[in-house]
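J.: Turn this into a structure:
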Amino acid sequence: MEENQESGNKKIYVAIIALLLLINGVALYLLYSENKAKKDLGDQKIALEHDFKNLSDTLDSKKMELEQYKGKNAELDSLITAKQDEIDQQKKTISGLFAKGKMTSSELAAAKEKIAQFEVSIAELQKKVDELSKQNQELTSQNQQLSTDLSAEKQTSSTLSEQNKGLSKKVELGSLLQLRNIEVVGVTGKKNRKGEDITINKGKKTEQLRISFETGDNKVLEAGPVSLYLRVLNPKGETISVADQGSGSINLAGGSETVQYTKKADFDWSQTNKKIVVYWSSNVKEAGTYKVEVYQSGYLVGQGTCTQK
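T.: All right, here's what the predicted structure looks like:
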């Protein structure tokens, strides 16, 4: 009887011990699982923090790239600013999650989702940067082409301008009269029976100098009024000039130099040879050689002399 009681007690002890061992095993397993879960959460948080830092650095780089495109298009500026603000808000939310001492699995999942959104936003920014870079390259290429075309156009214009100047110069020179039969003589101011001037070469009796010449034909010079300027130089080489008798000054062609002229001869030009006669009476009694120069448009087109005793 006592042996049966001892045997029953042993079985109870064994059962209790087995139960305690089972409880301890379950407790250890749960503790291990909890610790492992915490460790996994911690490892994931560290990995996410690393990814977040890389993404944040990438964002800062993209924002700097976008800054160079601001100020060129108001609509584009608005889009860029909105995108930058959106990403900054995501960064702030994620930073708030990481700032907590401990994160639950749901908070960790929320952080992962935010970082995924963060990556999408940066990808959109990258796309915008690429589009802007392409547009900028196209504009630069177009500007370079325009600059090249403008340079070529300026060169062409310069060449044409020089050619036009050359042609204008040729036309100007071609319109000059080729004077011939230039004659300068002293006259008494009286006529002979034939109505011709009486010539004389004695200074004291000379009343006028008669200057005559023929124009020759010229089809380049347009028909119409033409003015020639006669310059009479006395034996001392001085220009005879009397203002109240029509004397004045003209600019010589090709420069700013001016010369005095003695008298102007105006006539109607019809592109065919014409004989011109001009008389001058002041300061012509001095003995010596008188020289006459004829100018057209600032060019010397003829000259002659006469000597008075």
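
J.: Mind jotting down where the helices sit in the protein?
T.: 2-67, 74-99, 105-174 (DSSP state H).

J.: Go through the ones you listed and find the least confident stretch.
T.: Mean pLDDT is lowest for helix 2-67 out of the helices of the chain, coming in at a mean of 64.

J.: quick one: Arg231 from Thr289, how far?
T.: For Arg231, the distance to Thr289 (CB to CB, to the nearest Å) stands at 15 Å. In short, each C-beta sits where N, CA and C put it, glycine included.

J.: Counting neighbours, go ahead and name the busier of these two.
T.: Applying other CB atoms under 10 Å to Arg231 and Thr289 shows that Arg231 carries more neighbours, namely 22 against 13.

J.: Nearest spatial neighbour of the more buried one, chain-adjacent residues omitted?
T.: Glu293 (4.4 Å; CB to CB, 6 or more residues apart in numbering).

J.: Report pLDDT for that neighbour.
T.: Here, the pLDDT recorded for Glu293 equals 96.

J.: swap in Tyr299?
T.: Here the pLDDT value assigned to Tyr299 is 92.

J.: you'd agree it is up against Ser175?
T.: No: under the criterion of CB atoms under 8 Å, Tyr299 makes no contact with Ser175, lying 9.8 Å away.

J.: quick one on the thing from earlier: next, count neighbours for the residue nearest to Arg231.
T.: The burial count assigned to Glu293 is 18, neighbours taken as other CB under 10 Å.

J.: How much space separates the closest residue to Gln117 other than its chain neighbours from Ile17?
T.: Spatially, and ignoring its direct neighbours in sequence, Gln117 is nearest to Gln90 (5.9 Å; CB to CB, 6+ apart). Distance, Gln90 to Ile17, by CB to CB: 57 Å.

J.: Between these two, which is the more surrounded one?
T.: Set Gln90 next to Ile17 and count neighbours by other CB under 10 Å: Gln90 wins out with 20 against 10.

J.: roughly how far apart are the more buried one and Ser121?
T.: Applying CB to CB to Gln90 and Ser121 gives a distance of 7 Å.

J.: How about Ile240?
T.: Taking CB to CB, one finds Ile240 at 96 Å from Ser121.

J.: Please tell me I have it right and Leu230 contacts Gln260.
T.: No: checked against CB under 8 Å, the pair Leu230 and Gln260 is beyond contact range at 11.1 Å.

J.: These two: which is more packed in?
T.: The neighbour comparison of Leu230 against Gln260 (other CB under 10 Å) goes to Leu230, with 22 against 15.

J.: tell me which residues form a beta bridge with that one?
T.: Lys263, Val294 (DSSP bridges).

J.: and Gln308, how many residues sit next to it?
T.: 21.

J.: contacting residues for the residue nearest to it when sequence neighbours are not counted?
T.: Using CB to CB, 6+ apart and skipping residues adjacent in sequence, the residue nearest Gln308 is Gly203, 3.9 Å away. Listed by CB atoms under 8 Å, 6 or more residues apart in numbering, the contact set of Gly203 reads 186, 284-288, 308-309.

J.: would JSON lines of those residues with distance to Gln245 be doable?
T.: Shown next, in JSON lines, are the contacts of Gly203 (distance: CB to CB, whole Å):
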{"residue": "Gly186", "distance to Gln245": "18"}
{"residue": "Val284", "distance to Gln245": "12"}
{"residue": "Lys285", "distance to Gln245": "16"}
{"residue": "Glu286", "distance to Gln245": "17"}
{"residue": "Ala287", "distance to Gln245": "22"}
{"residue": "Gly288", "distance to Gln245": "21"}
{"residue": "Gln308", "distance to Gln245": "20"}
{"residue": "Lys309", "distance to Gln245": "25"}
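
J.: which of these sit farthest apart?
T.: Maximum pairwise distance among those (CB to CB): 13.0 Å, between Val284 and Lys309.

J.: Looking at these two, which is more packed in?
T.: Applying other CB under 10 Å to Val284 and Lys309 shows that Val284 carries more neighbours, namely 19 against 12.

J.: quick one: the more buried one and Asn218, what's the gap?
T.: According to CB to CB, Val284 and Asn218 sit 31 Å apart.

J.: Having no further points to raise, I will conclude here.
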